[in-house]
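**Student:** Fold the following and give me the result.
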Amino acid sequence: MLKIAMLSTGEEVLHGDIVDTNAAWLSSEFFQRGFSLVKRSTVGDSLQALVEELLMLSFNNDVLIVNGGLGPTSDDLSAAAAAQAADQKLVLSVLWKQKLDEFFAQRGVVMPESNLKQAMLPEFSDIIDNPIGTACGFKVQINDCVCYFTPGVPKEFKLMVSEQILPDLLATYPQQMGLECSRLFTLGSSESAISDKLDKLVLPEGYMLGYRSYLPFIEVKLFGPKSDLERRVKLLQIIYQHLEQHVVSVDEPMLTHIGHLMQDKGLSISIAEQATKGWLASWLLSNEQVEALSGHCWILSRHVESGLGDQDPLAASLALAGATKEKCSTSLSLVTGVLNDDQFSLALSAPQGEWGQILKLKRRYSANEQRELMGTIAADMLRRYLSNKPVFAQYEALISVKEMFLPASVIG
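**Tutor:** Next comes the predicted model:
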């Protein structure tokens, strides 16, 4: 198995002053092209620390992508560290010196003396061209590891990876197939509960399971060889059967799936929100397919909420759902009611009738987390309706207090 690692450099990355978006992008891009990473590391602007990390990573990997530290300032140390780790001299690249002269001449300015540092490269390295910046990349071997050094500017980095580094890897390792990832998006269960169900599965060699937890979803990932699609699909079906009651979408996020369902059904929707304060409409309408079918979206103020305070919350939400659907002349309406003592109500109005439920939070959440959780459960009611499934479901993080369905014949 080809072992590929990435090293990000810079104090600002190490200490969190900037988010390392380059590392996330590279991991995703490489994975899709069959070159998945086995390790990511970060080190600050210390020559000794850089050399030590380069030596450690080069001993344990076949390919290393180093990002950052190729600028003209004193804290840009990647080239010097590479030369020291590779036991090579740092020499002037006449070719890159010429490119730098041309770069500044075209802009009518004299090249600052500090930029000459960017043409100092390990003696036996190969230049990786940077057509839009002054920091050239370079390729050099350290121990038995092929190392690609790249600038930290995202636009420059991505261009060099896409147009030079990935093609070089594909030419060097043409048989590298990599892994493909299939995903199940689940809602309403915990990571441990899902793991308990799936840990009993014996996967074929070359397959593995992964999990990603982010409120309110648990993403289950099945990794398998790209060339083995038929088996991977069969395994995914088995996993789906174990988790079916909690699966909200396969190989696409829940919102994308709802967009496809809305488009297929051709049903318009309006939204009225109380406790979610606009989160639900903002999230749903960020999908173009849902937005194309949306009517009005209402956010009720605290004054309106207090006026509804004496009503039964479920009755109030059902009434609001029916009124929203009628006033907006849409096929469907979705409502989030008030949040009171950790209880909240949701309602969905459709041609067949109205569904409403009261749910209670089992634990404390921040205000934003509450809105996201409540809004997602409301959207799940919509998804379940569009999928011809029971609208009500059980969620591990919530207690079902009350459920009600009013057929259209009763409402009319």
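**Student:** Show me where the stretch 201-350 of the chain has its strands.
**Tutor:** 208-214, 217-225, 247-250, 269-273, 294-299, 332-340, 343-350 (DSSP state E, counting those that start in this stretch).
**Student:** Next up, the contacts around residue 408.
**Tutor:** Counting by C-beta atoms under 8 Å, 6 or more residues apart in numbering, residue 408 makes contact with 351-353. Bear in mind the C-beta positions are built from the backbone N, C-alpha and C, glycine included.
**Student:** same thing but at 10 Å, please
**Tutor:** With contact set as C-beta atoms under 10 Å, 6 or more residues apart in numbering, residue 408 has these partners: 349-354.
**Student:** Over to residue 49?
**Tutor:** Contacts of residue 49 (C-beta under 10 Å, 6+ apart): 9, 14, 43, 77, 81.
**Student:** Pull the number of nearby residues for residue 336.
**Tutor:** Residue 336: 30 surrounding residues under other C-beta atoms under 10 Å.
**Student:** Over to residue 400?
**Tutor:** Residue 400: 13 surrounding residues under other C-beta under 10 Å.
**Student:** same deal with the one 3 residues further on?
**Tutor:** Neighbour count for residue 403, taken as other C-beta under 10 Å: 13.
**Student:** Confirm it sits in a strand?
**Tutor:** Yes. Counting by DSSP: H, G, I helix; E, B strand; the rest coil, residue 403 is found in a strand.
**Student:** Skip the chain neighbours and tell me the closest residue to it.
**Tutor:** Leaving aside its sequence neighbours, residue 403 sits nearest to residue 357 (C-beta to C-beta, 6 or more residues apart in numbering; 4.6 Å).
**Student:** What strand or helix carries that neighbour?
**Tutor:** Per DSSP states H and E, residue 357 falls inside strand 353-361.
**Student:** Buried ones in the following helix or strand past that strand, by neighbour count?
**Tutor:** Next helix or strand after strand 353-361 toward the C-terminus (DSSP H and E): helix 367-386. By 16 or more other C-beta atoms under 10 Å, the buried positions in helix 367-386 come out as 370-386.
**Student:** Restrict stretch 251-267 to CA atoms and write it as CSV.
**Tutor:** Extracted in CSV, the C-alpha atoms of stretch 251-267 (Å, rounded to 0.1, in the frame of the first residue of the first chain):
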residue,chain,number,x,y,z
ASP,A,251,-24.4,9.0,-0.7
GLU,A,252,-25.8,12.5,-0.4
PRO,A,253,-26.6,14.7,2.5
MET,A,254,-30.2,14.8,3.9
LEU,A,255,-30.9,18.3,2.5
THR,A,256,-29.8,17.3,-1.0
HIS,A,257,-32.0,14.2,-0.8
ILE,A,258,-35.0,16.4,0.3
GLY,A,259,-34.3,18.6,-2.7
HIS,A,260,-34.5,15.6,-5.1
LEU,A,261,-37.7,14.4,-3.4
MET,A,262,-39.3,17.8,-3.7
GLN,A,263,-38.4,18.1,-7.3
ASP,A,264,-39.7,14.6,-8.1
LYS,A,265,-43.0,15.3,-6.3
GLY,A,266,-43.4,18.8,-7.6
LEU,A,267,-44.9,20.0,-4.3
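**Student:** Tell me the gap between that stretch and the middle of its chain.
**Tutor:** When distances are taken as C-alpha atoms, centre = their mean, to the nearest Å, stretch 251-267 is centred 19 Å away from the chain's centroid.
**Student:** Now for the chain, the helix or strand with the poorest mean pLDDT.
**Tutor:** Among the helical and strand segments of the chain, the one scoring lowest on mean pLDDT, DSSP states H and E is helix 302-307, with a mean of 54.
**Student:** about what we covered before: so for residue 182, which of the strands of the stretch 201-350 of the chain sits nearest?
**Tutor:** strand 217-225 (4.7 Å; C-beta to C-beta).
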